[in-house]
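Visitor: What follows is a protein structure lacking sequence information:
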């Protein structure tokens, strides 16, 4: 990560915007400051820190940035790598009935199942393949009722 706090925070924010797990290497002199900046930019992130891998004083820590910083050995020495899984976005999934209602409305409008799955996935209502299967099942249900 960059050396200055502002640059580190901005770098972490950009890196985690995509929701991808990342691997970082850091100096033992800067690891506490880096974890503090990580905590400031992404406090709910999950961190796995590995210090002195395959050596006598190996240390493995898992938790939030603050928990990992608190558990680090004093003084911090050795080679450090840390893996960060960004905090899950605070998404509240709509109830299944709401998704089904949207699927039913789109089916009634004559939309094809593939278009329904794409539109709902673009709205963040789930994975496209799951929505496709759900829309297909709803279409069959309506067809069987008719």
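Guide: Nice, I can see it. Bear in mind the structure is a predicted one, so any value in this text is a computation, not a measurement. Numbers count the residues shown, from 1 in each chain.

Visitor: Shouldn't residue 61 be within a strand?
Guide: Yes. When classified by DSSP: H, G, I helix; E, B strand; the rest coil, residue 61 is found to be part of a strand.

Visitor: Where do the strands of the chain begin and end?
Guide: Under the criterion DSSP state E, the chain contains strands at 22-26, 46-51, 59-63, 80-85.

Visitor: Give me the residue at the spatial middle of this protein.
Guide: residue 19 (3.9 Å; C-alpha atoms, centre = their mean).

Visitor: just for the protein, where's the confidence low?
Guide: 87-93 (pLDDT under 70).

Visitor: for it, which helix is longest?
Guide: With DSSP state H setting the assignment, residue counts place helix 128-145 as the longest helix in the chain.

Visitor: For stretch 115-125, buried residues please.
Guide: 116-117, 119-121, 125 (16 or more other C-beta atoms under 10 Å). For the C-beta atoms, the positions are set from N, CA and C on the backbone; glycine is no exception.

Visitor: would you turn those into JSON lines with distance to residue 23?
Guide: Conversion of the buried residues of stretch 115-125 to JSON lines gives the following (distance: C-beta to C-beta, whole Å):
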{"residue": "116", "distance to residue 23": "38"}
{"residue": "117", "distance to residue 23": "33"}
{"residue": "119", "distance to residue 23": "35"}
{"residue": "120", "distance to residue 23": "33"}
{"residue": "121", "distance to residue 23": "28"}
{"residue": "125", "distance to residue 23": "31"}
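
Visitor: Sitting in helices, which of the residues you listed do you find?
Guide: Short answer: the buried residues of stretch 115-125 in helices (DSSP H) are 116-117, 119-121.

Visitor: Tell me the one of the residues you listed nearest residue 85?
Guide: residue 121 (22.5 Å; C-beta to C-beta).

Visitor: For the residue lying closest to that closest one once chain neighbours are set aside, which residues are in contact?
Guide: Nearest residue to residue 121, sequence neighbours excluded (C-beta to C-beta, 6 or more residues apart in numbering): residue 128, at 3.9 Å. Residue 128 sits next to 117-118, 121 when contact means C-beta atoms under 8 Å, 6 or more residues apart in numbering.
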